[in-house]
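[1] Okay, sequence plus prediction incoming.
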Amino acid sequence: MRGKQANKQAMKQGSELAGLESQPIETSDEASLVSKGCFSTSVRPVRVAGLGAYVPEKVLTNADLEQMVDTTDEWIVTRTGIRERRIAAENEAASDLSLAAARRALEKAGVSPSSLDMIIVATVTGDMPFPATASIVQHALGAERAGAFDLSAGCTGFIYALAVGSSMVGVGVCDTVLVVGVDVLSKITNWKDRSTCVLFGDGAGAAVLKPGGEHSRFLAFDLGSDGGGADLLKIPAGGSRKPITVEAVQAGEQYIQMCGSEVFKFAVRIIVQATQSVLAKCGLKTTDIDAFVAHQANIRIIESAVARLGLPPEKVVVNVDRYGNTSSASIPIALEEAEREGKIRPGDLVVVVGFGAGLSWGAAALYW
């Protein structure tokens, strides 16, 4: 019954375990405190009020890559499921993609930029090391009263940002939060390395978070990190450990480096683990899931994890074939597309799960 029975079953247990128990603000004094950004004495449910997505116009196909590196369309599709990806123009930066996605999300939510209390941008490819890309987006939107900051958690960034943003709304520090997941991986990809350049694309997705209700709210998050795997997926140069030098550039250390086989094994294992964990916090099972959205990195990763979870294909959202791995943007782009196409409907139990550099991972369960 697309989440309805599971909703009733998990309502009390899930919200308590998730720290999101739905209790009304009881007094006008409390409501006044919430409006001033103070902590509330009760936790409010939080929902996704609107989604937006944007991908650049330029399409880079596998046939194009055949002209650039030693690869074939068959090799790429067989190993990754990717057929094409979007590439940002030379003058397009993370803030440009973020702005387009954010405006669409705000329109969908019926929220004006002046109503935003906070903007969180999850990215590893900000416009520059500082200031925060979120501040650039804030100014471009005209969201004068909003705070703004960036968050870095690799491809898991959007889920971490959802957890932070929903917590802010839940405790009353903010009333309306804009969360953006964006990456322009084409600008940190070594286009001579066929093992990585076939994987990545550019894009942005955004979500507006507002107080929710009984049947539309986040239920739980499961977040984790294993720093022991930090070297498996990284950009060696450009930070305080190894600043950019001529030698570093000549060695290609300003580009993404990945141990593909190890990341693959980690990804399959952690998707299953995080999904089971976030559902357990809600007192729910995989059979309760109406829509499942995993980080769109590789179709083989998704299929392997889904098989272990026992999820039917019709409940799994996949668009990696058209966009490749867009890092922090992949989950919000997939969510927006799925909602627009009617694959996610009000009241559905939706589970999103991501993994990435860190190594990091995160999952969220919510009623849509």
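    Cool, the structure landed.
[2] contacts, neighbours, all on C-alpha from now
    Fine.
[3] per the record, what domains does this structure have?
    Per automatic domain parsing, the structural domains of the chain span 43-214, 219-367.
[4] Pick the most buried one from those domains.
    When the domains of the chain are scored by mean count of other CA atoms under 10 Å, the highest mean neighbour count falls to domain 43-214 (a mean of 22).
[5] the helices in the stretch 201-350 of the chain, which residues?
    Taking DSSP state H, counting those that start in this stretch, the helices of the stretch 201-350 of the chain run over residues 246-250, 260-282, 299-309, 320-323, 330-340.
[6] do the stretch 1-150 of the chain as well
    With DSSP H, counting those that start in this stretch as the criterion, the stretch 1-150 of the chain has helices at 4-18, 28-35, 62-66, 73-80, 94-109, 133-141.
[7] Which residues are in contact with the residue lying closest to residue 50 once chain neighbours are set aside?
    In space, and not counting its chain neighbours, residue 50 is closest to residue 109: 4.2 Å by CA to CA, 6 or more residues apart in numbering. Residue 109 is in contact with 49, 50, 51, 208, counting by CA atoms under 8 Å, 6 or more residues apart in numbering.
[8] do the same with residue 96
    By CA under 8 Å, 6+ apart, the contact set of residue 96 is residue 137.
[9] mind checking how far it is from residue 88?
    10 Å (CA to CA, to the nearest Å).
[10] repeat for residue 348
    According to CA to CA, residue 348 and residue 88 sit 34 Å apart.
[11] Secondary structure element holding the spatially most central residue of the chain?
    Centroid-nearest residue in the chain: residue 158, 2.9 Å away (criterion: CA atoms, centre = their mean). Following DSSP states H and E, one finds residue 158 within helix 157-171.
[12] Report the rounded mean pLDDT for the very next helix or strand once past that helix.
    Per DSSP H and E, the first helix or strand lying C-terminal to helix 157-171 is strand 177-184. Mean pLDDT, computed over strand 177-184, is 98.
[13] quick one: strands adjacent to strand 177-184?
    In the sheet, strand 177-184 lines up against strand 118-122 (parallel), strand 202-211 (antiparallel) (DSSP bridges).
[14] Specify the angle between that strand and helix 133-141 in degrees.
    If you take axes from the mean of the first three to the mean of the last three CA atoms, to 10 degrees, strand 177-184 sits at 110 degrees to helix 133-141.
[15] I'd like the mean pLDDT over the following helix or strand past strand 177-184, please.
    Downstream of strand 177-184, the next assigned helix or strand under DSSP H and E is helix 194-197. For helix 194-197, the mean pLDDT works out to 94.
[16] Show me how far helix 194-197 is from its chain's centre.
    23 Å (CA atoms, centre = their mean, to the nearest Å).
[17] residues in contact with that helix?
    By CA under 8 Å, 6+ apart, the surrounding residues in contact with helix 194-197 are 69, 70, 71, 189, 190, 191, 256, 257, 258.
[18] contact partners of stretch 47-55?
    Outside stretch 47-55, the residues within contact range by CA under 8 Å, 6+ apart are 86, 97-98, 100-110, 166, 202-213, 216-218, 332-333, 335-336, 368.
[19] before we move on, back to that, I'd like the strands paired with strand 177-184 laid out as JSON lines, including mean pLDDT and distance to residue 303.
    Below are the strands paired with strand 177-184 laid out as JSON lines (pLDDT from 0 to 100; distance: least, CA to CA, whole Å):
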{"stretch": "strand 118-122", "mean pLDDT": "98", "distance to residue 303": "26"}
{"stretch": "strand 202-211", "mean pLDDT": "98", "distance to residue 303": "23"}
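[20] among the ones you listed, which is nearest residue 224?
    Closest approach to residue 224 among those is made by strand 118-122 (16.1 Å; CA to CA).
[21] Next, the angle from the closest one to helix 157-171.
    Put simply, strand 118-122 runs at 160 degrees to helix 157-171, going by the same axes, to 10 degrees.
[22] which residues sit in contact with residue 260?
    Residue 260 makes contacts with residue 232, as judged by CA under 8 Å, 6+ apart.
[23] same deal with residue 222?
    For residue 222, the contact set (CA under 8 Å, 6+ apart) comprises 274, 277, 278, 362, 363, 364.
[24] Please apply the same query to residue 103.
    52, 141.
[25] go with 10 Å
    By CA atoms under 10 Å, 6 or more residues apart in numbering, the contact set of residue 103 is 51, 52, 53, 54, 109, 111, 112, 113, 141, 206.
[26] just curious, which of these is nearest to residue 152?
    residue 206 (15.7 Å).
[27] right, and that closest one touches residue 100 too?
    Yes - at 9.2 Å, residue 206 counts as touching residue 100 under the criterion of CA atoms under 10 Å.
[28] returning to what we had before: nearest approach to residue 230 belongs to which of the strands paired with strand 177-184?
    Residue 230 lies closest, by CA to CA, to one member of the strands paired with strand 177-184: strand 118-122, at 18.4 Å.
[29] Residue 75 contacts residue 81, correct?
    Yes - here residue 75 reaches residue 81: they are 9.5 Å apart, a contact under CA under 10 Å.
[30] Just the closest of the contacts of residue 109 to residue 122, please.
    Nearest to residue 122 out of the contacts of residue 109 is residue 208 (CA to CA; 13.9 Å).
[31] wait, isn't that closest one in contact with residue 102?
    Yes - the criterion here is CA under 10 Å, and residue 208 meets it with residue 102 at 8.4 Å.
[32] Give the intersection of the neighbour lists for the two.
    Residues touching both residue 208 and residue 102 by CA under 10 Å, 6+ apart: 50, 51, 52, 108, 119, 178, 179, 180.
[33] give me every residue that touches the fourth one.
    If a contact means CA under 10 Å, 6+ apart, then residue 108 has 49, 50, 51, 52, 102, 207, 208 as its contacts.
[34] can you put those in TSV and add distance to residue 127?
    Output for the contacts of residue 108, formatted as TSV (distance: CA to CA, whole Å):
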residue	distance to residue 127
49	27
50	25
51	23
52	20
102	16
207	20
208	22
